[in-house]
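1. Generate a structure from the sequence data that follows.
(chains A, B and C)
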Amino acid sequence: MSNLYLAYAATWIIHIVYILFLSRKAARLRAEVKELER
Amino acid sequence: MSDLASLTGSNLAKDLRLEWRSKDALNAMLFFALLVAVIFSFSFDPTAEESRQIAGGLIWVAFLFAAIVALNQAWARELRNQVLDAYRVSPAPANALFLGKALGNFIFISVIELLLAPLFVVFYNLRSIGPGYQLVIVAALGTWALVVNGTFFAALSLRTRSREVMLPLLLFPISIPALLGMVEGTTAILTGESSPRLWISLLLVYDVVFTTICLLLFETVLHAE
Amino acid sequence: MRPGFLIYALATMALLSYALYQGMMVAPTERTMGEIQRIFYYHVPSAWTAFLCFIANFLASIAYLVRRNPKADAFAVTTAEVGVVFTTVVLITGPLWAKPVWGIWWTWDARLTTTLVLWLIYVSYLMFRRFSTGQQTATLAAALAIFGFIDVPIVYMSIRWWRTQHPKPVIAGGAGSGIDPEMWSALLWNLAAFVAFAGLLIWVRYRLERTRQQIDELHALQALASTEGTLTR
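-> Residues are numbered from 1 along each chain as shown, chains lettered A, B, ... in the order given. Here you go, the predicted structure:
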């Protein structure tokens, strides 16, 4: 039964990790754009 | 069409001639496959009964690794001598280059297999229960499956970092159905427990589908390099 | 953040919450497996969503080879990444369900194995894109994507045949056998929710890729300008 909650938690952990990866990518791109605008 | 055929033929002849003169790759592949066979013997110590069950898998993994060694330098000569650039500007059909290269690789790897098969028979005390000629069919179809995709992916990987790792990385997942066909087909024939017909059909379908895709896309890949 | 995006994001959150409620509360408990079966409502929609992503990747790759439009390439890498994320979810939730139900973490059955191979194929695609140098990555990757996608049905068939040759212990109630009509509702709500969520991820990732492409283009123009002394169009 606890596997059920583990599975749901794992699903969201995976998605959150991906979202974090995307936000880091976005931050890096924003820095590059700023660099270019100089 | 005969244009394609004759060009393919001359590409093939050139590759074979060059390879025969140096024999570098051939020796390396041969020795590598032999080493794999020996190492597997230490890892798995099968009885005669068991060996028929697992020989299929062992042999094909050994050949797979040998094939990767060969395919990794499939285009090395062309790269060194700017042959690809020359081909891009010539009106010759790109597929002649691809087919010549693929057929050359096919012959090299088949030679390795022919030389190593007796060794495996000796190491694992193999005796085929099913008809032996079917083993040749499975080997031919399976080897072509690896070679056709391998030659194509080797071309894809020419401009990547860690090129030697990229080729098996790309080839292995996509070759899984072919590997399954080779291993299961060989096992079916050796053990005589089932008909290899299913696996031979699988390999045939795989070969037709992927040879077609390779031929359709090689021109694009050549010009993209 | 654009207002349209915000509304879409909020709607998706609402949908996901409602779908969770459907899966956990509304759907009836399965007779033989019990509560653990509810993993189903995350596992199956994720698999279908992943597959939709890979179909999109296939179409985008073909579109790129035909038109060479960078938008198609951006869409291709986006859908491959999101597809891999959802496939990872499938591969993690699968064994978590299998262990209590079948007693084993993994089995080489057709569906699970094909999912693993699918994951391997598209991860290798993403790695190829990362390791490839030179200007033509998009074209080469598109060719690779076509190989990968066409391989999938062949992989599935070959593993099906492999498994019928080596029958596994008979497993009662495989993932997807006999769905109670009351369960369909929860399943479909979660499918809708996860497809919407995938759309959200794709939207964000696509925008990032387009930005990346535009930055690269600007870098290239700058390099050109610095060597020639004038900005050319």
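2. buried sites along stretch B:215-225?
-> Judged by neighbour count (16 or more other CB atoms under 10 Å in any protein chain shown), stretch B:215-225 contains these buried residues: B:215, B:217-218, B:221-222, B:224-225. Placement of C-beta: from N, CA and C, glycine included.
3. Then stretch B:119-138?
-> Buried residues in stretch B:119-138 (16+ other CB under 10 Å): B:120, B:123-124, B:126, B:128, B:130, B:134-135, B:137-138.
4. Which single one of those residues is nearest to residue B:95?
-> Residue B:95 lies nearest to residue B:137 out of the buried residues of stretch B:119-138, by CB to CB, at 25.4 Å.
5. Which secondary structure elements does the host helix or strand of the closest one sit against?
-> Under DSSP states H and E, the secondary-structure element containing residue B:137 is helix B:133-156. Applying 3 or more CB pairs under 8 Å, 6 or more residues apart in numbering or on different chains; DSSP states H and E, we find helix B:133-156 packed against helix B:48-72, helix B:94-123, helix B:163-191, helix B:197-224, helix C:137-165.
6. Nearest the geometric middle of chain C, what residue?
-> Nearest to the mean C-alpha position of chain C, by CA atoms, centre = their mean, lies residue C:83 at 1.7 Å.
7. Enumerate every residue touching that one.
-> Listed by CB atoms under 8 Å, 6 or more residues apart in numbering or on different chains, the contact set of residue C:83 reads C:50-51, C:53-54, C:57, C:122.
8. next one: phi and psi at residue B:160?
-> phi -130, psi 160 (degrees, to the nearest 10).
9. can you check residue C:132 too?
-> Dihedral angles (degrees, to the nearest 10) for residue C:132: phi -80, psi 140.
10. Could you list which residues are in contact with it?
-> Going by CB under 8 Å, 6+ apart, the list of residues near residue C:132 reads B:159-160, C:140-141.
11. Most widely separated two among those?
-> Between any two of the contacts of residue C:132 (CB to CB), the greatest distance is 12.0 Å, for B:159 and C:141.
12. More neighbours: the two, which one.
-> The residue with more neighbours, out of residue B:159 and residue C:141, is residue C:141; 23 against 18, by other CB atoms under 10 Å in any protein chain shown.
13. thinking that one is in contact with residue C:125, fair?
-> Yes - between residue C:141 and residue C:125 there is a contact under CB atoms under 8 Å: 6.6 Å.
14. tell me which residues of the particular helix or strand that has residue A:14 in it are tucked away?
-> Residue A:14 is located in helix A:2-37, with elements delineated by DSSP H and E. Neighbour-count burial for helix A:2-37, counted by 16+ other CB under 10 Å, picks out A:3-4, A:7-8, A:10-11, A:14-15, A:18, A:22, A:25, A:29, A:32.
15. sorry, back to before: tell me the least confident of the buried residues of stretch B:215-225?
-> Ranked by pLDDT, these bottom out at residue B:225 (62).
16. quick one, what contacts residue 14?
-> Went with chain A since none was named. C:85, C:88-89, C:92.
17. ah, I was thinking of chain B
-> residue B:100.
18. go again using 7 Å as the cut-off
-> For residue B:14, the contact set (CB atoms under 7 Å, 6 or more residues apart in numbering or on different chains) is empty.
19. so how far is chain C from it?
-> 26 Å (CB to the nearest CB, to the nearest Å).
20. Residue B:31 too?
-> 28 Å.
21. State the helix or strand in which that residue lies.
-> helix B:24-43.
22. which other residues reach that helix?
-> With CB under 7 Å, 6+ apart, helix B:24-43 has contacts from B:19, B:58, B:62-63, B:65-66, B:69-70, B:73, B:108, B:112, B:115-116, B:119-120, B:123.
23. For chain A, state which of the residues you listed is nearest.
-> residue B:65 (33.3 Å; CB to the nearest CB).
24. Need the pLDDT of residue 27.
-> Looking at chain A here, since you left the chain open. pLDDT, read off for residue A:27, is 95.
25. try chain C instead
-> Looking at residue C:27, the pLDDT reads 76.
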